[in-house]
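Colleague: Build me a model from this:
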Amino acid sequence: MIKKITIGIGAVVGLLLIVGLVLPSKIHVERSITIAAPQGTVFSALNGLREFNKWSPWAKYDPNMTYTFSGPETGVGARMEWQSKEMGNGSQEIIAVENDQRITVALDFGEMGKATAYYALQPAAASTQVTWGFDEDVGMNLLGRYFGLVMDSMIGKDYEKGLASLKSLLETPAAQGG
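Modeller: You can find the predicted model right below:
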């Protein structure tokens, strides 16, 4: 009986390993929204990290989170680090900027890994379509590959909340210069 149980457990573990190797190693999450504001206004709001918490959904999850900013206020090298008992520690840094079109951000979640996020902007009539994306390559990390299966549903909702908050912030009369 013990031999059958051991063989059964070994078969399940072996199957999980084989399936894990077949799962994709790259994780991609993306959400978009149209904001009734000029592309330059939206770009300016995203091209620095000091205003990130005005619209970020994560700032609301832990009001005791602490932040440290370094580098320039905007553009490449702008950096934000956070420390939180609830959300963990990490950092984000703007690593590439294509004027009024795209901002790429390096994310470092410490032991949880590194990833890249981006904001892509396209004109849409008198508005701007903003796409917020997330990319991570977990390589041969089998647990990361399984985790990738639920990543879209996990952070996708936060991306939607953040984009809705950014839209609300930028569509106010004060943001429009009124």
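
Colleague: Quick check: the residue nearest to Leu17 when sequence neighbours are not counted vs Leu21, distance?
Modeller: Once flanking residues are discounted, Leu17 sits nearest to Leu142: 6.7 Å by Cβ to Cβ, 6 or more residues apart in numbering. All C-beta spots, glycine's among them, are computed from the backbone N, C-alpha and C. For Leu142, the distance to Leu21 (Cβ to Cβ, to the nearest Å) stands at 7 Å.

Colleague: which of those two has more neighbours?
Modeller: Leu142 (17 against 11; other Cβ atoms under 10 Å).

Colleague: need the contact list for that one.
Modeller: Counting by Cβ atoms under 8 Å, 6 or more residues apart in numbering, Leu142 touches Leu16, Leu17, Gly20, Leu21, Leu23.

Colleague: which residues touch the last one?
Modeller: Under the criterion of Cβ under 8 Å, 6+ apart, the contact partners of Leu23 comprise Leu142, Arg145, Tyr146, Gly148, Leu149.

Colleague: List only buried entries from these.
Modeller: Listed as buried from the contacts of Leu23 are Leu142, Arg145, Gly148; burial here means 16 or more other Cβ atoms under 10 Å.

Colleague: Make TSV out of these and add secondary structure, pLDDT and distance to Thr116.
Modeller: Shown next, in TSV, are the buried ones among the contacts of Leu23 (DSSP: H, G, I helix; E, B strand; the rest coil; pLDDT from 0 to 100; distance: Cβ to Cβ, whole Å):
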residue	secondary structure	pLDDT	distance to Thr116
Leu142	helix	72	22
Arg145	helix	74	18
Gly148	helix	73	15
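
Colleague: Those residues into JSON lines, with extra columns for distance to Glu86?
Modeller: JSON lines is the format used below for those (distance: Cβ to Cβ, whole Å):
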{"residue": "Leu142", "distance to Glu86": "27"}
{"residue": "Arg145", "distance to Glu86": "26"}
{"residue": "Gly148", "distance to Glu86": "23"}
